[in-house]
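Undergrad: coordinates only, no sequence provided:
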DNA sequence: TCAACATATGAACAATTATTCATATGTTCA
DNA sequence: TGAACATATGAATAATTGTTCATATGTTGA
C-alpha cells in the first residue's frame, strides 16, 4: 500500500469506507461466513440463518455489487460463492481483533 | 481462527459487525489515516480534515470506545494515537481490495 | 404453454447514525 | 481566582439503511 507520504486520495477512502460498511452488518457477515466452506443457494442460506428469502436476496445483491460474492446458476437455483480469498482475509483479520 | 466446523458464535459475529461498522465511515477512516504516521491533537485533526472540532471529537470517542485509538494528555491538549498495529492491518487489507 | 418453484425487486417503515449548534468540563498561566 | 484555550457532551436534525410485504421475473418440466 501507500507509504505515509502518499496519502490515499479522498476518493479512495470513501470507497474503502463503503467496503467496510458492507462488512459492518451482521446479516451480511453471517451470509459470508456461511459461504466460507462451500457455495449455497439463496434458499439454503435463508433457511440456515432462519431469515426471510427476501432479506437474504437483498443482502446478497449488496455483497455481489461490492464483488464480495459471485454466482453460479444451476437450473432454478442460484449458487453464491465468495468472490476471492480477500474476503476471508478481511474477516479473519477482524476476528483477530475481536477475539484478542 | 476457527475452522469451518467451529463457526463463531452469533454473538461474535455481532461484535465483528460492530467493529467493521466503525471502519465503515469515511470521517473515521480519515482520522485513522491521519494517525498512521504520528499522534495528533483533536484540533490538529479537525484542521487537517477541515471539519468541526465537535465532529472530530464525537468520532474520536467512537474510535476510542472501540479500542482503535488511545490518548495521551499533554496540558490542554489530548493527543490521539492508533491503539495497535491491528488497526493499520485491517485498513491495509481493505485497501488491497479496493485498489486491486 | 402453463403450473410450480427459486430468486429478485420496489415501496414503505422503523431504526440507526453522522453532523451541527450550543454549552459544559477541564487545564494552564498570569 | 479568572480569563483563555482545548476538548467533550447533549439535543436536534437529516440522511442512510435493514427488514418486511407484495409482487415481478425467470426457469423447469409436463
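TA: On my side now, so go ahead. Remember, predicted model here, so these are calculated numbers, not experimental data.
Undergrad: give me every residue in chain A lying close to chain B.
TA: Contact residues, chain A versus chain B (C-beta under 8 Å from any C-beta of the partner chain): A:1-2, A:4, A:7-8, A:10, A:12-26, A:28-30, A:33, A:36-37, A:86, A:89-100. From N, CA and C alone the C-beta is placed, and that goes for glycine too.
Undergrad: try it again with 7 Å
TA: For chain A, the residues in contact with chain B (C-beta under 7 Å from any C-beta of the partner chain) are A:1, A:4, A:7-8, A:12-17, A:19-21, A:23-26, A:29-30, A:33, A:36-37, A:86, A:89-90, A:92-98.
Undergrad: narrow those residues to those in helices?
TA: The helices, defined by DSSP state H, take in A:12-17, A:19-21, A:23, A:26, A:29-30, A:33, A:86, A:89-90, A:92-98 from the residues of chain A next to chain B.
Undergrad: restricted to buried residues, select these in ChimeraX.
TA: Only the buried members of these enter the following ChimeraX selection, criterion being 16 or more other C-beta atoms under 10 Å in any protein chain shown:
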select /A:12,13,15,16,17,19,20,21,23,26,29,30,33,86,90,93,94,95,97,98
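Undergrad: and DNA strand D, which of the ones in helices among the residues of chain A next to chain B reach it?
TA: Residues of these in contact with DNA strand D (C-beta under 7 Å from any atom of the strand): A:21, A:26.
Undergrad: what residue ranges in chain A score low on pLDDT?
TA: For chain A, applying pLDDT under 70 flags the ranges A:1-8.
Undergrad: what parts of it come near DNA strand D?
TA: Within chain A, the positions near DNA strand D by C-beta under 7 Å from any atom of the strand are A:21, A:24-27, A:51-52, A:54-55, A:58-59, A:62, A:73, A:75-76.
Undergrad: may I see the PyMOL selection of the buried members of these?
TA: Applying 16+ other C-beta under 10 Å to the residues of chain A next to DNA strand D, the buried members can be selected in PyMOL as follows:
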select buried, chain A and resi 21+24+25+26+27+59+62
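Undergrad: ok, the closest residue in space to residue A:17 that isn't next to it in sequence - contacts?
TA: Take residue A:17 and drop its neighbours on the chain: the residue closest to it by C-beta to C-beta, 6 or more residues apart in numbering or on different chains is residue B:26, 4.1 Å away. Neighbour list for residue B:26: A:13-14, A:17 [criterion: C-beta atoms under 7 Å, 6 or more residues apart in numbering or on different chains].
Undergrad: swap in 8 Å and give it another go.
TA: A:13-14, A:16-17 (C-beta atoms under 8 Å, 6 or more residues apart in numbering or on different chains).
Undergrad: quick one: which of these is nearest to DNA strand D?
TA: Ranked by distance to DNA strand D (C-beta to the nearest atom of the strand), the contacts of residue B:26 are led by residue A:17 at 9.2 Å.
Undergrad: my guess is the closest one contacts residue B:23. True?
TA: Yes. Counting by C-beta atoms under 8 Å, residue A:17 does reach residue B:23; the two are 7.3 Å apart.
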